[in-house]
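Chemist: output the structure for:
(chains A and B)
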There are 2 protein chains.
Amino acid sequence: MTTFFERLAARSNAVDSLVCVGLDPDFRRHAVQEVAPFLRDIIAATSEYAACYKPNLAFFEQWGIPGLRALELVLDAIPAGIPVIGDGKRGDIGSTAEAYARALFEVWNFDAVTVNPYLGRDATEPYLTYRERGVFVLCRNSNPGAEDFQSLTLATGEQVFERVAATAAGWGPNVGLVVGATAPAELRRVTELVPATPLLVPGVGTQGGSAADVVAAAGYRPGRVIVNASRSILYAGEGSGADGAAAEAARALRDALRAARDAG
Amino acid sequence: MTTFFERLAARSNAVDSLVCVGLDPDFRRHAVQEVAPFLRDIIAATSEYAACYKPNLAFFEQWGIPGLRALELVLDAIPAGIPVIGDGKRGDIGSTAEAYARALFEVWNFDAVTVNPYLGRDATEPYLTYRERGVFVLCRNSNPGAEDFQSLTLATGEQVFERVAATAAGWGPNVGLVVGATAPAELRRVTELVPATPLLVPGVGTQGGSAADVVAAAGYRPGRVIVNASRSILYAGEGSGADGAAAEAARALRDALRAARDAG
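Modeler: Got it, this is the predicted structure:
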């Protein structure tokens, strides 16, 4: 049995890339029947730069069942050997989490998922029992509102996201954490706290995080750090050749991460 | 425009019931093609006791797209005038939350939803803009792991769930909170902190919470307190007449809540 993080490391090393391409189709730009052809072209254009792909379920669910049919076609188009993270950020009590884990790992066959820590360990346990899959626990998100609760200071002096990092990292060997590139100080702090725990880092590109900041904070570590960009790759070609521009944007992110490593 | 909480109060008063019937079909008990017929029978048997229904999306997603087809049939079987809460506990950054809100309110047409607060206000805002719908924010869940993070003490002396209650209650007039019946002291505390905010209270029945404790802690307040039971109603008839037993279980919960009011 190879684990998700072993497979991710193998792919990331093979293409020397930390890039995760987020597959998040915009409702305003596409009719549902255009989604699968659009994303198949994106995948074909970006796969040589991709350590992994990450469809966010919301962007398929927004079209209802036809959107999920499109997701089926999109997953079929991802080349074997490139891991796929199902970004659903689910979080529910244990018996319900079993059902979500069944949906995500057995129906959709994702290699890894994202989950929300607010309901605690027993709400995460059902995902962790799939030992060969990966489970990225939300820690410090990339949006402004992440500060509302994640940055609160506990009586111990820790911030909530620090406690989540330290606690969740102990839940199992297949746990990673989600920490946004828009919060480089927090990314550095999580890297110090739990240096062996893999990190999924969203928020570069449209959201404003920089590749250089990510590598400075978390290092260039294939299989241990992946950096997601979605809109800035998918819609790089607005008004011009879409696939060529997406390929260029993915390559540019890969190269910016490499350059940050080489400068470090 | 009537709001969700006005519609909930009207229904709850009309049947003098605080009961929310959770529609959570068990993967081990049903093949997917049995789900809609089973739940249609449950709805027919329990509707006179139901202030609202609450399908949890996980229990349909676990069968993939065929499970969501069953959900369509189930929703069609719920009588007009009975509000329906889509329990998905979604939580994602603002642009993604817009997509989830579109899925839940426009595709599925739920009257209300449950959402996770971990990503903060901007992650909840897209749901709140649907002013005639309800948004129940997770506050203190009913599972043992809820203590892992929700019960942490902040530097201010508050516990995390208290801060979530006080903060989220201010996000809009269509906000409610989820507080589990398994934590009656916390339920009482939230009721004191934000007495005008509606509460969705899961965890009676199989999970061990009692109707009397809920009414003692939160009061008997139609449109302001609803008490969910799922498995203890749906599977009350194991080995005997399923519909009759489900009706009996729903009626018993309704009556136990009334009795607690009358004894109070």
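Chemist: and the spatially most central residue of chain A, what does it touch?
Modeler: Compute the mean C-alpha point of chain A, and by CA atoms, centre = their mean the closest residue is A:L200, 5.1 Å away. With contact set as CB atoms under 8 Å, 6 or more residues apart in numbering or on different chains, A:L200 has these partners: A:C20, A:K54, A:I85, A:T114, A:F136, A:G176, A:L177, A:V178, A:V179, A:I226, A:N228. C-beta here means a position set from N, CA and C on the backbone, and glycine is covered the same way.
Chemist: ok, the nearest residue to A:G223 once chain neighbours are set aside - how many residues close by?
Modeler: Nearest residue to A:G223 in three dimensions, chain neighbours excluded: A:A9, at 2.5 Å (CB to CB, 6 or more residues apart in numbering or on different chains). Using other CB atoms under 10 Å in any protein chain shown, the number of residues around A:A9 comes to 19.
Chemist: quick revisit: of the contacts of A:L200, buried ones?
Modeler: A:C20, A:K54, A:I85, A:T114, A:F136, A:G176, A:L177, A:V178, A:V179, A:I226, A:N228 (16 or more other CB atoms under 10 Å in any protein chain shown).
Chemist: I'd guessed the last one sits against A:L18; true?
Modeler: Pointing back at A:N228 there. No: between A:N228 and A:L18 there is no contact under CB atoms under 8 Å: 9.6 Å.
Chemist: so where's the stretch 1-150 of chain A shaky on pLDDT?
Modeler: The stretch 1-150 of chain A contains no residues with pLDDT under 70.
Chemist: any chance you could map the helices in it?
Modeler: Counting by DSSP state H, counting those that start in this stretch, the stretch 1-150 of chain A has helices at residues A:4-14, A:32-46, A:58-61, A:65-76, A:94-101, A:125-128, A:146-150.
Chemist: B:P66 is nearest to which of those?
Modeler: Proximity to B:P66 (CB to CB) singles out helix A:65-76 among the helices of the stretch 1-150 of chain A, at 9.8 Å.
Chemist: list the helices and strands that closest one packs on?
Modeler: helix A:32-46, strand A:52-55, helix A:58-61, helix B:65-76 (3 or more CB pairs under 8 Å, 6 or more residues apart in numbering or on different chains; DSSP states H and E).
Chemist: what sits against the closest residue to A:D111 other than its chain neighbours?
Modeler: Distances taken as CB to CB, 6+ apart place A:P83 nearest to A:D111, at 4.2 Å, with adjacent residues excluded. A:P83 is in contact with A:F4, A:R7, A:L8, A:R11, A:A51, A:C52, A:Y53, A:D111, A:A112, A:G134, counting by CB under 8 Å, 6+ apart.
Chemist: which of these are buried? Put it as a ChimeraX command.
Modeler: Selecting the buried subset of the contacts of A:P83 in ChimeraX, with 16+ other CB under 10 Å as the burial test, is done by:
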select /A:4,7,8,11,51,52,53,111,112,134
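Chemist: can I get the contacts of A:P83 in CSV with distance to A:V35?
Modeler: Converted to CSV, the contacts of A:P83 look like this (distance: CB to CB, whole Å):
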residue, distance to A:V35
A:F4, 26
A:R7, 26
A:L8, 26
A:R11, 25
A:A51, 23
A:C52, 20
A:Y53, 14
A:D111, 21
A:A112, 22
A:G134, 25
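Chemist: which SS class is the residue nearest to the centre of chain A?
Modeler: Classification of A:L200 using DSSP: H, G, I helix; E, B strand; the rest coil returns strand.
Chemist: for chain B, see how far away it is.
Modeler: Distance, A:L200 to chain B, using CB to the nearest CB, to the nearest Å: 14 Å.
Chemist: pLDDT score for that residue?
Modeler: Per-residue pLDDT puts A:L200 at 98.
Chemist: give me the beta-bridge partners of it?
Modeler: A:V178, A:I226 (DSSP bridges).
Chemist: quick one on the thing from earlier: got a list of what the residue nearest to A:G223 touches?
Modeler: Per CB under 8 Å, 6+ apart, neighbours of A:A9: A:P222, A:G223, A:R224.
Chemist: how about A:P184: what's its closest non-neighbour residue?
Modeler: Nearest one to A:P184, counting by CB to CB, 6+ apart, is A:D213 at 4.3 Å.
Chemist: what strand or helix carries the one you found?
Modeler: helix A:211-218 (DSSP states H and E).
Chemist: report the rounded mean pLDDT for that helix.
Modeler: Helix A:211-218 comes out at a mean pLDDT of 96.
Chemist: circling back: winner for burial among the helices of the stretch 1-150 of chain A?
Modeler: Compared across these, helix A:58-61 shows the largest average neighbour count, a mean of 27 (mean count of other CB atoms under 10 Å in any protein chain shown).
Chemist: what sits up against it?
Modeler: Residues outside helix A:58-61 that contact it (CB under 8 Å, 6+ apart): A:23-27, A:35, A:67-68, A:70-71, A:88, B:90, B:92, B:96-97, B:99-100, B:103, B:107.
Chemist: go again using 7 Å as the cut-off
Modeler: A:D24, A:P25, A:G67, A:L68, A:A70, A:L71, B:D92, B:T96, B:A99, B:Y100, B:A103 (CB atoms under 7 Å, 6 or more residues apart in numbering or on different chains).
Chemist: test my guess that the first one contacts A:S230.
Modeler: Yes: contact status for A:D24 versus A:S230: in contact at 4.3 Å, counting by CB atoms under 7 Å.
Chemist: if you count what's nearby, which of those two comes out ahead?
Modeler: Neighbours per residue (other CB under 10 Å) separate A:D24 from A:S230, with A:S230 holding more: 27 against 23.
Chemist: distance-wise, check that one relative to A:Y220.
Modeler: 21 Å (CB to CB, to the nearest Å).
Chemist: repeat that for A:W63.
Modeler: From A:W63 across to A:Y220, the span is 37 Å (CB to CB).
Chemist: cool, A:P79 as well?
Modeler: From A:P79 across to A:Y220, the span is 24 Å (CB to CB).
Chemist: need the helices and strands packed on helix A:65-76 in TSV (columns: distance to B:R40).
Modeler: Formatted as TSV, the helices and strands packed on helix A:65-76 follow (distance: least, CB to CB, whole Å):
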stretch	distance to B:R40
helix A:32-46	28
strand A:52-55	33
helix A:58-61	24
helix B:65-76	7
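Chemist: which residues are in contact with the most far-flung residue of chain A relative to its centre?
Modeler: Computed with CA atoms, centre = their mean, the residue of chain A farthest from its C-alpha average is A:A155, at 31.1 Å. For A:A155, the contacting residues are B:T153, B:L154, B:A155, by CB under 7 Å, 6+ apart.
Chemist: end to end, how far does stretch A:55-75 reach?
Modeler: 9 Å (CA to CA, to the nearest Å).
Chemist: in TSV: the contacts of A:A155, plus pLDDT and secondary structure.
Modeler: Output for those, formatted as TSV (pLDDT from 0 to 100; DSSP: H, G, I helix; E, B strand; the rest coil):
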residue	pLDDT	secondary structure
B:T153	98	strand
B:L154	98	strand
B:A155	98	coil
